[in-house]
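K.L.:
predicted structure and sequence below. I'll ask about it afterward.
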Amino acid sequence: MQPHDDAGRELPTGASRNRQSVAPSQPGRGGNAAVFVAWQQSLPASLSAGRRYDVAVTMRNTGTTTWQAEGDQPHRLGSQHPRDNTQWGLGRIDVPADVQPGAEVTFAFTVVAPETPGRYHFQWQMTQDGVGWFGELSEDVVVQVNRLGGPASSSGSSIADAAPGVDEHRRQARRNMISHRHLRYAIARPLGRCGLLASDRT
């Protein structure tokens, strides 16, 4: 049977989800409060180690204070499970702009799957620098990270994929060399030569 979230929506097959709350209805220190709205783009259930994946999560400001994008104590989205971990390549995401009470904000960012294969948790929560963590945690997405080259989702791209295609250039150069030799062979043959020019016998 297909799993559903608290709102009755179907969850992707294979992804384990767990939603946890930390007193989201009552503003905490500094008037801060938040609720998790939805994963706009989450991780697939199976990842390749070292590959990049785009994600997007929406949170709602249910407190009495504006979330600040700048200043001495800005608000951010922070990693959880474990708290403030950097196993996804980063641990804090800046608020893109000030978020008024009652408003929603979507954090869109790119993570890098851990290099060590295994089972990992992917979960986030709001925090304010110098004040502390607050509000509801996002759904806990549990994923399996496999070694590069093993079974994985095709939606990710490796860091190496962003570099110039050196191997492809080499393959193309080899194809060009072979085509060039075939052309020289075709030209030389009607002249009664051995098939390859002297420069090609090395």
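P.N.:
Nice, I can see it.

K.L.:
for Thr62, phi and psi?
P.N.:
The main-chain torsion angles of Thr62 are listed as degrees, to the nearest 10 and equal phi -110, psi 10.

K.L.:
can you tell me, leaving aside adjacent residues, what's nearest to it?
P.N.:
Nearest-residue entry for Thr62: Ala33, 4.5 Å, with adjacent residues in sequence omitted and distances by CB to CB, 6 or more residues apart in numbering. From N, CA and C alone the C-beta is placed, and that goes for glycine too.

K.L.:
what about that neighbour, how many residues close to it?
P.N.:
Around Ala33 sit 23 other residues, with neighbours defined as other CB atoms under 10 Å.

K.L.:
quick one, grab the pLDDT at it.
P.N.:
If you check Ala33, the pLDDT there is 97.

K.L.:
pretty sure it is touching Asn61, no?
P.N.:
Yes. If you go by CB atoms under 8 Å, Ala33 and Asn61 touch, sitting 7.5 Å apart.

K.L.:
if we can go back for a sec, how near is the residue nearest to Thr62 to Phe107?
P.N.:
Between Ala33 and Phe107 the distance is 17 Å, computed by CB to CB, to the nearest Å.

K.L.:
where are the low-confidence patches of the chain?
P.N.:
Along the chain, the parts satisfying pLDDT under 70 run over 1-30, 150-202.

K.L.:
Val142: neighbour count?
P.N.:
18.

K.L.:
okay, and the beta partners of it?
P.N.:
Beta-bridge partners of Val142, counted by DSSP bridges, are Ser16, His121.

K.L.:
so for Trp133, what's the nearest residue that isn't a sequence neighbour?
P.N.:
Across the structure, with CB to CB, 6+ apart as the measure, the residue nearest Trp133 apart from its sequence neighbours is Thr127 (4.7 Å).

K.L.:
what's the answer for Gly118, then?
P.N.:
When the adjacent residues along the chain are set aside, Gly118 lies closest to Val145, with 5.9 Å between them (CB to CB, 6+ apart).

K.L.:
I figured the one you found was touching Val112, is that so?
P.N.:
No. The criterion here is CB under 8 Å, and Val145 misses it with Val112 at 10.6 Å.

K.L.:
who's more crowded, these two?
P.N.:
For Val145 and Val112, the more surrounded residue by other CB under 10 Å is Val145, and the numbers stand at 23 against 18.

K.L.:
can you tell me the SS state at the more buried one?
P.N.:
Secondary structure, DSSP: H, G, I helix; E, B strand; the rest coil: Val145 is strand.

K.L.:
contacting residues for the residue nearest to Trp133?
P.N.:
With contacts taken as CB atoms under 8 Å, 6 or more residues apart in numbering, Thr127 has the following neighbours: 75-78, 92, 133-134.

K.L.:
would you quantify the distance from Thr65 to Asp72?
P.N.:
Applying CB to CB, one obtains 14 Å for the distance of Thr65 from Asp72.

K.L.:
neighbour count: these two, which is higher?
P.N.:
Per other CB under 10 Å, whichever of Thr65 and Asp72 has more neighbours is Thr65, with 18 against 7.
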